[in-house]
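[1] how would this look folded up:
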Amino acid sequence: MAAGEANGEELIGKVLGGRYRVTAVIGRGGMGVVARAVDELLNREVAVKVLRAFTDATTPELLDLRTRMQREAQAAARIRHSGVVTVHDVTEEQGLPVIVMELVDGPSLDDVLAERGMLEPHEAAAIGAKLMDALDAAHRVGVLHRDVKPGNVLLEHGGRVVLTDFGIASMEASGDEAMTKLTQSGQLVGSLDYLPPERAQGREPGPASDIWSLGMTLYAAVEGTSPFRRTSVWSTLSAIITEPLPAPRRSGPLTPVLQALMAKEPEHRPTADQARAMLEQVAEGRAPAPAPPAPAPEPPQAAVTPPRRRRPPPTRHRPGSALPRPSTSLPRNLRRPASPARSARPPTAPQPPSHRSGRRPRRAGRRRHHVRLDRKAGRNDRRRGAGAVRGQLPGGRRTAGRRHDHRRDPPSSANPPTEHRRARRPRRRASPVPVPLPCRRVATAGATRTRSRAPTAT
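    The predicted model follows:
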C-alpha cells in the first residue's frame with residue numbers, strides 16, 4: 001500500500017499487518033482513517049486507525065504524523081478504565097503506523113446531535129458524569145486528553161460512554177522529552193470551538209482544561225450550538241478569552257453546572273469529584289449542590305521600601321512664647337538626668353512681647369529706660385542752644401524728668417544716688433522760660449529805633 005492510497009475506500013478488502021482484514025470505513029479525520037476490520041488470528045472484530053497520508057505530504061510531515069499515532073496508542077494503553085477505548089495492538093503497513101483498538105458498537109455524540117438534534121438536560125448530565133469519570137482516570141495516570149468534543153465521544157448501544165482519539169494528548173513521562181508532549185511548542189492543536197481560555201492564551205494546560213472542554217461539549221449538546229463561535233479564528237479566540245458565557249436557554253437544572261465547569265480561570269472550576277457529583281445529581285432529577293466558592297485572588301505583594309527620612313521643618317519662634325527645647329541625638333534612656341536644683345526651679349513666666357515685631361524679648365530685671373530718657377533730654381538741650389549744658393536750661397535750672405545714672409555719673413556729695421524706680425512714661429516737658437536779650441539803640445536821621453542783637457555764646 002502506497003502512502004497516497006490510505007484515504008478511505010481503497011482500504012476495503014486489504015489485510016493490514018498480516019492479520020487485520022478491512023471490511024468497512026467508519027470515519028475519517030485530519031490524521032487518519034478509522035475502519036472496521038476482522039482479526040483473522042483471534043476471529044474478532046476490531047477497529048483499525050490508519051495514518052492518512054497525502055501524496056503532497058513532505059517527509060517531516062509524515063514523520064510527525066507517525067509519531068503522533070504512536071503516542072496516541074501509548075497514551076490510551078496507559079489508562080485502564082471502561083470509559084476509555086482499549087488499544088490491542090500497534091503495527092505497520094509499508095512504513096505507516098496502524099493502531100488496532102476495540103470496536104465500539106455505537107455512533108458518536110456528534111452523529112446523534114446531527115440526527116436527533118439537542119439532548120435533554122438529564123441525558124446530557126448522565127453522559128457528562130461518565131465522561132468525567134473517564135477523564136479523572138486519565139488524569140490520575142498523568143494523561144491529558146486536550147481534545148474533548150462530541151466527535152470523540154462514542155455512545156455504545158448498551159449505554160456505555162467511551163472517550164477516544166488521544167492523538168494530541170500529553171503524558172507525564174521521565175526521560176525522553178519528546179514522549180512528554182505530542183505537539184511542538186507554539187502550535188495550536190485541537191478543535192477551536194472547544195479550546196479552553198488558558199490554551200488560547202498560550203498557557204500550560206492542566207486537568208482543569210479537560211473539564212472546561214467537557215462543559216463546552218455538554219453546552220453544545222443541550223443548546224445545539226457553540227457559544228463562542230465567530231466568523232474567524234482570531235475573533236473566536238478573543239471571544240473565548242474575554243467574553244462571558246451566554247446564559248443557557250434550555251439547560252434548566254444543568255445551567256449552574258455548566259457555568260461552574262466553564263469558568264474563565266482554571267482555579268475557579270470544580271475538581272473532578274465535585275463535577276461528577278453535580279452531574280450525577282442533575283441526571284437523577286435532583287437539584288445540584290451549589291458550586292464551591294471561588295477562592296479570592298491574592299493581591300500582588302509590592303516591594304517594601306524603607307520610608308525616606310526627612311528633616312523636620314524649622315520651627316519659627318513667636319515673640320512672647322517660650323523658646324523650644326533643643327533636641328538631642330541620644331536615646332531617652334542614655335540622657336543625663338536633670339539636677340535637683342534645676343528641676344526644682346519654678347518655670348519662668350513668659351515675657352510680654354516687645355513693641356517692635358520680631359525683636360527678641362529682654363530678660364527680666366534689666367532696666368534701661370532711664371538711660372534712654374537721659375539721652376533724649378540731651379538731644380533736646382542741644383536743639384535749644386549751642387552753649388547749654390546737657391541736662392540744664394540756659395537759666396541754670398535742671399531739665400525736668402532727669403534721672404541719675406550710676407554707670408555714667410558716680411555718686412558723690414553733690415550728686416547723691418537715687419533709688420531705682422519702675423520705669424514710667426516721661427512727662428511732657430514745659431516750654432523754657434524766655435530770657436530777655438540785650439539790645440542797643442541805633443541812631444538814624446530823625447528817629448531812633450531799637451534792634452536786637454544776636455545772642456553770643458557765653
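[2] hmm, residue 33 and residue 11 touching each other?
    Yes - at 6.8 Å, residue 11 and residue 33 qualify as touching, with contact defined as Cβ atoms under 8 Å. For every residue, glycine as well, the C-beta is placed using N, CA and C.
[3] overlap in contacts, those two.
    With contacts taken as Cβ atoms under 8 Å, 6 or more residues apart in numbering, the residues that reach both residue 11 and residue 33 are 25, 50.
[4] tell me the contacts of residue 150?
    Contacts for residue 150 were tallied using Cβ under 8 Å, 6+ apart; they are 108-110, 113, 217, 220-221.
[5] strands along this protein, start to end?
    Secondary structure of the chain, counting by DSSP state E: strands at 15-16, 20-28, 32-39, 44-51, 87-93, 96-102, 143-144, 153-155, 161-163, 170-171, 439-444, 447-452.
[6] could the ones you listed be laid out in a markdown table, adding mean pLDDT?
    Below are the strands of the chain laid out as a markdown table (pLDDT from 0 to 100):
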| stretch | mean pLDDT |
| --- | --- |
| strand 15-16 | 94 |
| strand 20-28 | 91 |
| strand 32-39 | 92 |
| strand 44-51 | 91 |
| strand 87-93 | 89 |
| strand 96-102 | 89 |
| strand 143-144 | 90 |
| strand 153-155 | 95 |
| strand 161-163 | 95 |
| strand 170-171 | 66 |
| strand 439-444 | 54 |
| strand 447-452 | 52 |
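[7] ok, what's across the strand from residue 143?
    Beta-bridge partners of residue 143, counted by DSSP bridges, are residue 171.
[8] so, low pLDDT: which residues of the stretch 1-150 of the chain?
    1-8, 30, 53-57 (pLDDT under 70).
[9] run through the residues that contact residue 193.
    Residue 193 makes contact with 149, 216, 220, 226, 228-229, 236 under the criterion Cβ under 8 Å, 6+ apart.
[10] quick one, which of those residues are buried?
    Neighbour-count burial (16 or more other Cβ atoms under 10 Å) applied to those gives 149, 216, 220, 226, 228, 236.
[11] inside helices: which ones of the residues you listed?
    Among the buried ones among the contacts of residue 193, the residues falling in helices (DSSP state H) are 216, 220, 236.
[12] report the contact partners of the closest residue to the last one other than its chain neighbours.
    Here the nearest residue to residue 236 in space, its sequence neighbours aside, is residue 230; by Cβ to Cβ, 6 or more residues apart in numbering that works out to 4.4 Å. Applying Cβ under 8 Å, 6+ apart, one finds that residue 230 lies in contact with 236, 238-239.
[13] residues contacting residue 140?
    Contact partners of residue 140, counting by Cβ under 8 Å, 6+ apart, are absent.
[14] change it to 10 Å
    The neighbours of residue 140, taking Cβ atoms under 10 Å, 6 or more residues apart in numbering as the test, are 79, 81, 207, 272.
[15] again, but for residue 290
    Listed by Cβ under 10 Å, 6+ apart, the contact partners of residue 290 are 256, 260, 278.
[16] number of nearby residues for residue 225?
    By other Cβ atoms under 10 Å, the residues close to residue 225 number 11.
[17] returning to what we had before: can you pull the pLDDT of the residue nearest to residue 236?
    Looking at residue 230, its pLDDT reads 90.
[18] beta partners of residue 98?
    Beta-bridge partners recorded for residue 98 (DSSP bridges): residue 50, residue 91.
[19] ok, now which ones touch it?
    Applying Cβ under 10 Å, 6+ apart to residue 98 gives the contacts 6, 16-17, 20, 32, 35, 37, 48-51, 69, 73, 89-92.
[20] one step back: ok, which pair from the contacts of residue 150 is furthest apart?
    Spanning the widest gap among the contacts of residue 150 are 108 and 220, at 13.0 Å by Cβ to Cβ.
[21] find residues that contact each of those two.
    Common neighbours of residue 108 and residue 220 are listed as 149-150 (criterion: Cβ under 10 Å, 6+ apart).
[22] between the contacts of residue 193, which sits nearest residue 118?
    Among the contacts of residue 193, and counting by Cβ to Cβ, the member closest to residue 118 is residue 220, at 8.9 Å.
[23] was I right to think that closest one contacts residue 112?
    No - using Cβ atoms under 10 Å, residue 220 is not in contact with residue 112, being 11.8 Å away.
[24] list the residues that contact both of the two?
    Shared contacts of residue 220 and residue 112, counting by Cβ under 10 Å, 6+ apart, come down to 119, 150.
[25] re the thing from before, report the separation between the residue nearest to residue 236 and residue 251.
    22 Å (Cβ to Cβ, to the nearest Å).
[26] so what's the residue count around residue 206?
    By other Cβ under 10 Å, the residues close to residue 206 number 14.
[27] my read: it touches residue 271, true?
    No - contact criterion Cβ under 10 Å: residue 206 and residue 271 do not qualify, at 11.6 Å.
[28] pull out the buried positions in stretch 280-294.
    Those would be 280-283, 288, 291, for stretch 280-294 by 16+ other Cβ under 10 Å.
[29] same deal with stretch 236-253?
    236-237, 239-240, 245, 248, 251, 253.
[30] closest to residue 145 out of these?
    Looking across the buried residues of stretch 236-253 and measuring by Cβ to Cβ, the closest to residue 145 is residue 240, at 18.0 Å.
[31] which residues does the closest one contact?
    By Cβ under 10 Å, 6+ apart, the contact list for residue 240 reads 192-201, 212, 216, 226-230, 262, 264.
[32] and residue 203, by the same measure?
    196-197, 209, 266 are the contacts of residue 203 under Cβ under 10 Å, 6+ apart.
[33] so can I have JSON lines of those showing pLDDT and neighbour count?
    Converted to JSON lines, the contacts of residue 203 look like this (pLDDT from 0 to 100; neighbours: other Cβ atoms under 10 Å):
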{"residue": "196", "pLDDT": "93", "neighbour count": "27"}
{"residue": "197", "pLDDT": "94", "neighbour count": "19"}
{"residue": "209", "pLDDT": "94", "neighbour count": "23"}
{"residue": "266", "pLDDT": "94", "neighbour count": "18"}
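[34] out of these, which comes closest to residue 96?
    Residue 96 has its nearest neighbour among the contacts of residue 203 in residue 209, at 30.6 Å by Cβ to Cβ.
[35] find the nearest non-adjacent residue to the closest one, please.
    Closest residue to residue 209 apart from its sequence neighbours, by Cβ to Cβ, 6+ apart: residue 196 at 4.4 Å.
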